[in-house]
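> everything below, folded, please.
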Amino acid sequence: MDFDFELLRELTETSGAPGYEDRVREIVRREFDGVVDEVRTDAMGNVVGTVYGDGDYEVVVAAHMDEIGFMVRHVDDDGFVALEPLGGWDPRVLKAQRVTVHADDGDLTGVIGSMPPHLLDDDEDDPSVEDVHVDLGLPAEEARKRVAVGDLVTMEQTTTRVGEHVTGKALDDRVCLFAVLEAAKRVSDPDVTIHYAATVQEEVGLRGAAALGVDLDPDLAVALDVTVARDVPAVDDEADYVTELGEGAAIKLKDGSVVTSPKVNRRLRAVAEEHDVAHQTEILPSGGTDTAGFQNTHGAKPVGAISVPTRYLHTVTESVHSDDVAAAIDLLAAFLETETGEHDYRL
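From the prediction side, this is the model:
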């Protein structure tokens, strides 16, 4: 794999639920050391590493640190933990999974159980998140003593190679955060000021990016996020495809939250073609990304987006193709290296 797999694994295996991205933030700050001119963190927890250019033109490049997770809402009299979702979960994928409960006195491993098939009725309804409970394997008294309402819960999973793919939890959006960090290490002496932003609370409403758009007020914003790869057997209609693994970085045209700026799209595609970077276009019918958070929070802004095609989104087996990861890094670095501040993105 033509990139630092160990850093990607560290980023994805580290826990960081929306609003509580502390552990990921430490890694970002460490990776920015010696790479950027200035690092700062705001009141929400967004991290910005800035490299100053010669002119007044400013570009923000963003990827979010948070992953979908849970917050403890109750510990019952039998010691089972009830959960409040942080982000969009499909409850069907939660059965028989290990989780980590982040308690004050240290992390606890728990399991989300699954009813044995011997006890299931044929017409049993699909579960809801409200039905999910964590079994800590502790007596009720100890469970209620060690776990409090408001403690965070994240999925417990390792990141590994599977053929040409990388699979694990939280590739949404740590694989794109990884791409931002790697691109930052390649781009030296840019013509424009570049703010490399690691944002918070994307999974609960693009909140960090919206705040950061006001605070930074950039001239151009490019966000990186994963997108749906529907090249799987369950999708048999070519019209339903969004992206395909192994076909390169995806240049977003729209998603459920944003229509990206046509002139930014065109330049991204031109840069990809000039630098021989594998790429594809993306139209995502629903879902939102940090791109929208920057588009109009402090007046109208030109925005673009680079996506990494991903199978099995919002599960613990999210999967990306190593070539697409490398292409996203290459495209972002080439785009930033050729940004002079003189491109007119107005319509």
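> contacts, neighbours, all on C-alpha from now
Will do.
> not counting its own residues, what contacts stretch 215-224?
57-63, 176-177, 180, 289-291, 294-295, 298, 301-308 (Cα atoms under 8 Å, 6 or more residues apart in numbering).
> what about burial for those residues, which qualify?
57-63, 176-177, 180, 289-291, 294-295, 298, 301-308 (16 or more other Cα atoms under 10 Å).
> in helices only, show me those residues.
176-177, 180, 290-291, 294-295 (DSSP state H).
> how about the residues you listed in TSV, adding distance to Val93 and pLDDT?
Converted to TSV, these look like this (distance: Cα to Cα, whole Å; pLDDT from 0 to 100):
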residue	distance to Val93	pLDDT
Cys176	23	98
Leu177	25	98
Val180	29	98
Asp290	25	94
Thr291	28	95
Phe294	32	94
Gln295	33	93
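> what ranges does this structure have for its helices?
Going by DSSP H, the chain shows helices at 5-13, 22-32, 140-146, 171-186, 207-216, 262-274, 290-295, 322-337.
> turn these into JSON lines, columns for distance to Leu253.
Formatted as JSON lines, these follow (distance: least, Cα to Cα, whole Å):
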{"stretch": "helix 5-13", "distance to Leu253": "27"}
{"stretch": "helix 22-32", "distance to Leu253": "28"}
{"stretch": "helix 140-146", "distance to Leu253": "47"}
{"stretch": "helix 171-186", "distance to Leu253": "18"}
{"stretch": "helix 207-216", "distance to Leu253": "19"}
{"stretch": "helix 262-274", "distance to Leu253": "7"}
{"stretch": "helix 290-295", "distance to Leu253": "11"}
{"stretch": "helix 322-337", "distance to Leu253": "16"}
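> tell me which of those helices sits most buried.
helix 290-295 (a mean of 28; mean count of other Cα atoms under 10 Å).
> picking that back up, wait, which of the ones in helices among the buried ones among the contacts of stretch 215-224 is closest to Glu38?
Nearest to Glu38, judged by Cα to Cα, of these is Val180 at 15.9 Å.
> wait, that closest one sits on Val60?
No. Assessed by Cα atoms under 8 Å, Val180 is found out of contact with Val60, at 10.8 Å.
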